[in-house]
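>>> Okay, predicted coordinates and the sequence, questions at the end:
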Amino acid sequence: MTSFFSWEGLAALMLGGLYGSLFGAIPGLTATLAVALFIPVAFFLDPVIALPAIIAISSVAIFAGDVGSAVAKIPGTPASAAYLEELYNLSRRKTPLYSLGISAMGSAVGGMIGTIILIISALGIAAVARNFSSFEYFWVAILGLSAGIFASGGSPLKAFISLMLGLLLSTVGVDPTLGFPRFHFGNATLLGGLNYIVAMIGLFGFSEVLENIYQNQKGSDTQTLTTESSSQQFYTQPLLLILKEKWLVLRSALLGILVGFLPGAGADIGAWVATSVQKIKQGGNTEKLEEHEDEVILAGTSSNNAAVASAWIPALALGLPGDTVTAIVLGVFLMKGITPGPLLFDQQPELLWALYLTFFISNLFLLPFYGYLTARLAAKLINIKLPLLLIVITTLCIVGAYAINNNLFDVWIMMGMGLLAFILKRGGFPLPQVVLGMVLGPIMEQNFMVSMIKSRWDWASFFERPIAIALMLITLAILFFGMYYRKKMKQS
Amino acid sequence: MNLSKPRTLFYLFAIFIPIIFLSCNQPGNKTYPSRPISFLVPWAPGGMTDLSSRAMAASLQNILGTPVNVVNRTGGGGVVGHTAISQAQPDGYTLGAVTVEITMMHRMGVTQLTHQDYTPLALMINNPASITVRADAPWENIDELIEEIRNHPGELQASGTARGGIWDLARIGFLEAAGLPESAMPWVPSQGSAPALQELIAEGVDVVTASLSEVDALRKAGQVKTLAVMAEDRLPQFPEIPTLKETGIDWSIGGWVSICAPKNLPAPIRATLDSAIMIAAKDSLFTSSMSQAGSNIQYLHGEKLIHFLTKQDSINGAMMKNAGIGQ
């Protein structure tokens, strides 16, 4: 085997990071697509080089998803939709260097915590993950949804309505359990359902364009009046913030790990739960919200990268993929004749250590390095004149929506979602919750149906397994404390 | 040009959008192949169809001397991608992976498409279904499992894919051949083999009927054991696993992936592709990656392939009708 510490290995890491940051930053091009396109190349490479490159691609791409949020208000992943508003506002108010600095540094620290947990307790966590059946998944989806209600600063009722709208949109297409076609109007594309990334591009990106045309704004009003050097804004200030808020970071990272290791649930729910816990703590106090934007970003971003590492736990220890990226990686494993599972830990420690080391290098060096480059670029982009920026955003929206499935119909769906968002905004309904509903809807529906079929329609079966009950109690706690703090804030 | 005026903006949009849309089609009429070929895959990246298509595309690319790009066109339980392959221009620049689901989807009422809407080029892989249980399950062989199902009908549950999917048909056929009703081991639908295996090891279901290549990782990890494979003969990669036929149950079924082009592909282009695929199917790049992934290569083309597709369509159709799935 080629050594991991070779020129080829380092080159693979650097190129993987560059490739990942390009893919993550462009709306519609996802970490999954980046990894899928890399597979034919991975065929020819030694796994000790190919797998680190994949880790570099995916961890940098997931951070770079925030670049779209900062510049154009188009989140790259459903996870970054959780703190979209805060990231965008902070970038406009201060500078993208600072907001993306928090995002990159928070991701790096969260990713390191995730990696450490992966090293110490992969087999232990896998033993827990092994016991997850459809009942537990159902409760995790409910947990994510209830977190969504309090993740917006505004009215919980409006957030709830947005969530329900998202759930409703997720029912378009073939029913995931019994294969019954719904709401397709004879259109083969609609049979596949509405893609949430396409919806996200329309809801956030295209609606912003409509909004600006409607209000006919003149020129951009952003002024970056800061005296600090750019590296201070990107590195020093966010790191000081992390030191100050170390418990917040640790809590969010642990939440990310907790939810991230579940096969199929992944980073998205982690970011949503961490963000809403932070917001519940802050209460519905809208006056002070601006001051706390950076903390909300920090909570979301440290949990979603912690989840990236922990998604590898079930893949490595059980051979079950935790998300699409690890599903692809498992495919590469099999092609290379590597069998995941407990045996991997005994028989191929050098491969495992190469993986762990890459996680550290990606988080310690690649994220800060490529993060800084993309943030510098974002700082330039954000000062572009508004009309020109709108044209760029529209182009990105169209290309991005098309690129997801190489389907023209998705472009129309994207535009329809933009219109829908435009109307929702008039009523003050939050948009990220619509995306959350669309992401969690199928997971919830599928696991509910499977549980019911399995238990022969016995409702009590949802309350019989210990982990399921624990998840239910956490859900109730979030709902209770969410309502309680809201009420308290209103009274004071 | 003053960009801040809304009217100028509007004109820019008006120019921009059609250009993007039109640039998606570019005609070409030189000797085939003179530009990159798209290879559509109706299933998600990382699955068996995707992996075999990517290995095949990599080999074809060397042989044809032009890029062969794999494009995942997922959704609708495969309907979206299969439709896209059949509706493409029959110019040889769009090929795709047509999978066993083509024999089933038109009976579920989700599409009119059948295998007759394509120009079939070759069968790539055919992975037989297995009967897999938890490693600590009390049954040591297939006879003991059948005995258990016979004595306690309806108690054990099986999973592997969606209701009416290929592994569900495998279960129905297996029960039927063993002289048991379909309800003796009910089906729990899942989103694919990975979630079904997760349910299996979490003790949510008792049997998984997915293909050997899909259960192989967990089998080697010592989490599950495979009691039988639903094939005519033992598989070369898994000589230790008996076939159902050996135990006197005459039933075999598999999930297969074929390469098809849109209907009415011109004969010269078809001949070029035919010979290229024939070489690629024996290329070590393709064969070694398939055998390491535990996938079973079955290469068929021409008349034999058409015969295979017709037979599969009628067998799976009869199975669905008996079980009351679809229309």
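Alright, I've got the coordinates.
>>> can you give me the strands in chain B?
Secondary structure of chain B (DSSP state E): strands at B:37-41, B:68-72, B:94-99, B:118-128, B:130-134, B:158-159, B:187-188, B:207-208, B:224-229, B:254-262, B:297-301.
>>> The last one vs strand B:254-262, what angle?
Right, the one you point to is strand B:297-301. 40 degrees (axes from the mean of the first three to the mean of the last three Cα atoms, to 10 degrees).
>>> for chain A, what are the nearby residues on the stretch 51-200 of chain B?
Applying Cβ under 8 Å from any Cβ of the partner chain, one finds that the stretch 51-200 of chain B approaches chain A through B:51, B:54-55, B:57-58, B:70-77, B:79-80, B:83-84, B:108-111, B:157, B:162-165, B:186, B:188-191, B:194-195, B:197-199. In short, each C-beta sits where N, CA and C put it, glycine included.
>>> Inside helices: which ones of those residues?
If you go by DSSP state H, these have B:51, B:54-55, B:57-58, B:79-80, B:83-84, B:194-195, B:197-199 in helices.
>>> picking up where we left off before, which of the strands of chain B sits closest to residue A:66?
Each of these has some distance to residue A:66 by Cβ to Cβ; the shortest is strand B:68-72, at 25.1 Å.
>>> For the closest one, name the packing helices and strands.
Helices and strands touching strand B:68-72, by 3 or more Cβ pairs under 8 Å, 6 or more residues apart in numbering or on different chains; DSSP states H and E, are strand B:37-41, helix B:48-64.
>>> got the ones you listed as JSON lines, with mean pLDDT columns?
Converted to JSON lines, the helices and strands packed on strand B:68-72 look like this (pLDDT from 0 to 100):
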{"stretch": "strand B:37-41", "mean pLDDT": "93"}
{"stretch": "helix B:48-64", "mean pLDDT": "89"}
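>>> one step back: widest-spaced pair of the ones in helices among the residues of the stretch 51-200 of chain B next to chain A?
B:58 and B:199 (34.0 Å).
>>> More neighbours: those two, which one.
Taking neighbours as other Cβ atoms under 10 Å in any protein chain shown, residue B:58 and residue B:199 compare with residue B:199 leading, 24 against 21.
>>> ok, so what distance separates the more buried one from residue A:472?
20 Å (Cβ to Cβ, to the nearest Å).
>>> looking at the strands of chain B, which one has the lowest mean pLDDT?
Note on the strands of chain B: lowest mean pLDDT is at strand B:68-72, with a mean of 86.
>>> quick check: angle from it to helix B:48-64?
Going by the same axes, to 10 degrees, strand B:68-72 makes 160 degrees with helix B:48-64.
>>> Name the helix or strand for the closest residue to residue A:411 other than its chain neighbours, please.
Counting by Cβ to Cβ, 6 or more residues apart in numbering or on different chains, residue A:401 is the residue found nearest to residue A:411 once chain neighbours are left out, at 4.9 Å. For residue A:401, the host element (DSSP states H and E) is helix A:386-405.
>>> Which secondary structure elements does the next helix or strand after that helix sit against?
Counting by DSSP H and E, the next helix or strand C-terminal to helix A:386-405 is helix A:409-426. Here helix A:409-426 is seen to pack against helix A:196-200, helix A:207-215, helix A:386-405 when contacts are counted using 3+ Cβ pairs under 8 Å, 6+ apart.
>>> Point out where the stretch 301-450 of chain A drops to low pLDDT.
For the stretch 301-450 of chain A, residues meeting the criterion pLDDT under 70 lie at A:321-324, A:335, A:342.
>>> just chain B next, same as before
For chain B, applying pLDDT under 70 flags the ranges B:1-30, B:46, B:327.
>>> domains for it, by residue range?
Annotated domains of chain B cover B:37-127+B:255-323, B:130-247 [automatic domain parsing].
>>> ok so, going back, residue A:353: which of the helices and strands packed on helix A:409-426 is closest?
helix A:196-200 (34.3 Å).
>>> Do that closest one and chain B come into contact?
No. Helix A:196-200 is not in contact with chain B by Cβ under 8 Å from any Cβ; minimum separation 11.0 Å.
>>> now for that helix, which elements pack on it?
helix A:78-81, helix A:386-405, helix A:409-426, helix A:432-454.
>>> now the ones you listed as TSV including distance to residue A:131?
As requested, the helices and strands packed on helix A:196-200 are exported to TSV (distance: least, Cβ to Cβ, whole Å):
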stretch	distance to residue A:131
helix A:78-81	25
helix A:386-405	34
helix A:409-426	38
helix A:432-454	15
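>>> Give me the buried positions along stretch B:264-281.
Residues of stretch B:264-281 classed as buried by neighbour count (16 or more other Cβ atoms under 10 Å in any protein chain shown): B:265, B:269, B:272-273, B:276-277, B:280-281.
>>> nearest to chain A, of the residues you listed?
Nearest to chain A among those, counting by Cβ to the nearest Cβ, is residue B:280 at 13.7 Å.
>>> So the closest one sits against residue B:286, correct?
Yes. When contacts are counted by Cβ atoms under 8 Å, residue B:280 is listed as touching residue B:286 (5.8 Å).
>>> Between the two, which contacts overlap?
B:56, B:59 (Cβ atoms under 8 Å, 6 or more residues apart in numbering or on different chains).
>>> which residue sits closest to residue A:113, ignoring its sequence neighbours?
residue A:253 (4.0 Å).
>>> okay, now the residue of the stretch 251-400 of chain A found nearest chain B: neighbour count?
Nearest residue of the stretch 251-400 of chain A to chain B (Cβ to the nearest Cβ) works out as residue A:341 at 2.5 Å. The local packing of residue A:341 (other Cβ under 10 Å) involves 22 other residues.
>>> Which one of the residues in the stretch 51-200 of chain B is closest to chain A?
The stretch 51-200 of chain B approaches chain A most closely through residue B:75 (2.2 Å), counting by Cβ to the nearest Cβ.
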